[in-house]
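Colleague: predicted model and sequence follow; I will ask about them next.
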Protein chains: 2
Amino acid sequence: MAVLKLEPLDRPEGMTTHEYAHRRLRQAIMVGSIRPGESLTIRGIAEAMESSPTPVREALRRLSSEGALKVLDNRRIMVPRMTAERFGELIALRATLEQHAARRAVGHITEKQIDRLVAIDKAQDEAIAQNDNATALLLNQEFHRTLYTANPDQIVMPMVESVWLQLGPFLGIAMAHVAQLYFVDRHQEAIAALRKRDEEAVASAINADICEGIGGFERAAIENLLRLAGQ
Amino acid sequence: MAVLKLEPLDRPEGMTTHEYAHRRLRQAIMVGSIRPGESLTIRGIAEAMESSPTPVREALRRLSSEGALKVLDNRRIMVPRMTAERFGELIALRATLEQHAARRAVGHITEKQIDRLVAIDKAQDEAIAQNDNATALLLNQEFHRTLYTANPDQIVMPMVESVWLQLGPFLGIAMAHVAQLYFVDRHQEAIAALRKRDEEAVASAINADICEGIGGFERAAIENLLRLAGQ
DNA sequence: ATTTTCAAAATGTGATCACAAAAATCAATA
DNA sequence: TATTGATTTTTGTGATCACATTTTGAAAAT
């Protein structure tokens, strides 16, 4: 049996087992610590987190509905393989979705929430300065999430998170084969546009943030990376 | 126990029980035959489709990940209530997502696939002429799905379907309180633009198709409908 | 008539078991 | 050595059971 090592995770009281399993697996996929092509077994995961197949199966179903996992014809479950084409689609969709989410937030966001964005961005810069990639990644997600969820009726956030999840495995590959991930962002540009309630400028900043960040990989670089990772 | 009546559904051989349960519930929600606010019980559904709680729970988890169901704090599960604000967000997101999907399909679609779109549109017109709302709705979905999936690496279709699912309950309400759903579409405009491989014109046609179709409800009309339905 | 109390029923959750299909292992054969 | 074939193990699936929590409904009290 494939021995799966999973980072333990804080489990708040009252959280159900399947929810906990979902969180832990999601986290592992998001940061790219499960190799694409590696097959996950229900019993293996259940044993790794000291529970039983039932709640693990529920977690796997949710993750496959979220696009994080793929169910094969054999009913085996694995992290989807990445291709240059799929990567391109993911980046393009991410740009579309997050521009939409940002536009729809501009009319709702308060000055206090914008101040919060400033604080998150500052914390991210500090994490980058200390070469703490994992924390920087998490804070970058928190920046975007905080912006988009300023709209209380927003529907798009789960879809944005789904794209992040699907990009996770590639991040894992990139981190393993690139000496240093260089972070560039357009957060301050977005913040300035938000202060002015300039919807167009906000969308533009978010688009640039995505396209010049993770989306900035050249196609040749991507194919090279994937080849190196044996995909 | 709330007695749930579910349309039986064709079950292909080899389809697992949880997949079948997922399909049947999804279908019921999509056409608006489950009233928002009505609480679904695992055992009730299991009994209604002559199976057991385990696979039903998996189906419910998937549907909640797809946005079709909402898990309350009591762990009760229900179809989310609709509000005018949520409806507005859903329509705006639908327009954004489907314009994106359409643009991304233009470069891949073949003449044969465009011919297929023509056939589907014709069948839909016939269904409308015969006042067969259910069939017309299904064919409309098939039109859009066929267009978007012309792109083989496409990622967005599950998200489009998620929005359709979330709009389903409102459709059910509208059908119950409006004498006749008037169908307007921009399919022929989209087809003409596809033949010319005019990405901008395709996106424009899809946008109009959505905004003038289900998205055409005035806010006052929506609030009135929701009030009538006791939401 | 309304509210409170308390027992009974219903419900979500997760562990366990049995079964069939798939994968892996190993011996026999070419 | 490589390949086939049979046996064993592993795995996904779904039904069932026990437990804790919630909901329900009726009786009692205000």
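Modeller: Cool, the structure landed.

Colleague: hey, let's count contacts and neighbours off CA atoms from now on
Modeller: Noted.

Colleague: tell me which residues of stretch A:133-144 are tucked away?
Modeller: Neighbour counts over stretch A:133-144 (16 or more other Cα atoms under 10 Å in any protein chain shown) mark A:133, A:135, A:136, A:137, A:139, A:140, A:142, A:143, A:144 as buried.

Colleague: again, but for stretch A:111-125
Modeller: Using 16+ other Cα under 10 Å as the test for burial, stretch A:111-125 gives A:114, A:117, A:118, A:120, A:121, A:123, A:124, A:125.

Colleague: the first one against residue A:193, yeah?
Modeller: No: between residue A:114 and residue A:193 no contact is recorded; they are 10.5 Å apart, counting by Cα atoms under 8 Å.

Colleague: what's residue A:77 sitting at in phi/psi?
Modeller: Per-residue torsions, residue A:77: phi -120, psi 130 (degrees, to the nearest 10).

Colleague: now do the contacts for it.
Modeller: A:39, A:40, A:41, A:69, A:70, A:71 (Cα atoms under 8 Å, 6 or more residues apart in numbering or on different chains).

Colleague: go again with 6 Å.
Modeller: A:39, A:40, A:70, A:71 (Cα atoms under 6 Å, 6 or more residues apart in numbering or on different chains).

Colleague: Provide a list of residues in contact with the third one.
Modeller: By Cα under 6 Å, 6+ apart, the residues touching residue A:70 are A:64, A:77, A:78, A:80.

Colleague: mind running it again at 10 Å?
Modeller: Residues near residue A:70 by Cα atoms under 10 Å, 6 or more residues apart in numbering or on different chains: A:37, A:60, A:61, A:63, A:64, A:76, A:77, A:78, A:79, A:80, A:81.

Colleague: equivalent analysis for the last one, please.
Modeller: Contact partners of residue A:71, counting by Cα under 10 Å, 6+ apart, are A:60, A:61, A:64, A:65, A:77, A:78, A:79, A:80.

Colleague: which non-adjacent residue is nearest the fourth one?
Modeller: Leaving out its chain neighbours, the residue that sits closest to residue A:65 by Cα to Cα, 6 or more residues apart in numbering or on different chains is residue B:62, at 5.9 Å.

Colleague: how close does residue A:6 sit to residue B:222?
Modeller: Distance from residue A:6 to residue B:222, counting by Cα to Cα, to the nearest Å: 48 Å.

Colleague: spell out which residues of chain A are next to DNA strand C.
Modeller: Residues of chain A that fall close to DNA strand C, judged by Cα under 7 Å from any atom of the strand: A:15, A:16, A:17, A:18, A:19, A:51, A:52, A:53, A:54, A:55, A:74.

Colleague: I'd like those residues as JSON lines, with pLDDT and neighbour count appended.
Modeller: Output for the residues of chain A next to DNA strand C, formatted as JSON lines (pLDDT from 0 to 100; neighbours: other Cα atoms under 10 Å in any protein chain shown):
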{"residue": "A:15", "pLDDT": "96", "neighbour count": "9"}
{"residue": "A:16", "pLDDT": "97", "neighbour count": "12"}
{"residue": "A:17", "pLDDT": "98", "neighbour count": "18"}
{"residue": "A:18", "pLDDT": "98", "neighbour count": "21"}
{"residue": "A:19", "pLDDT": "97", "neighbour count": "16"}
{"residue": "A:51", "pLDDT": "97", "neighbour count": "15"}
{"residue": "A:52", "pLDDT": "98", "neighbour count": "17"}
{"residue": "A:53", "pLDDT": "98", "neighbour count": "17"}
{"residue": "A:54", "pLDDT": "98", "neighbour count": "17"}
{"residue": "A:55", "pLDDT": "98", "neighbour count": "22"}
{"residue": "A:74", "pLDDT": "92", "neighbour count": "6"}
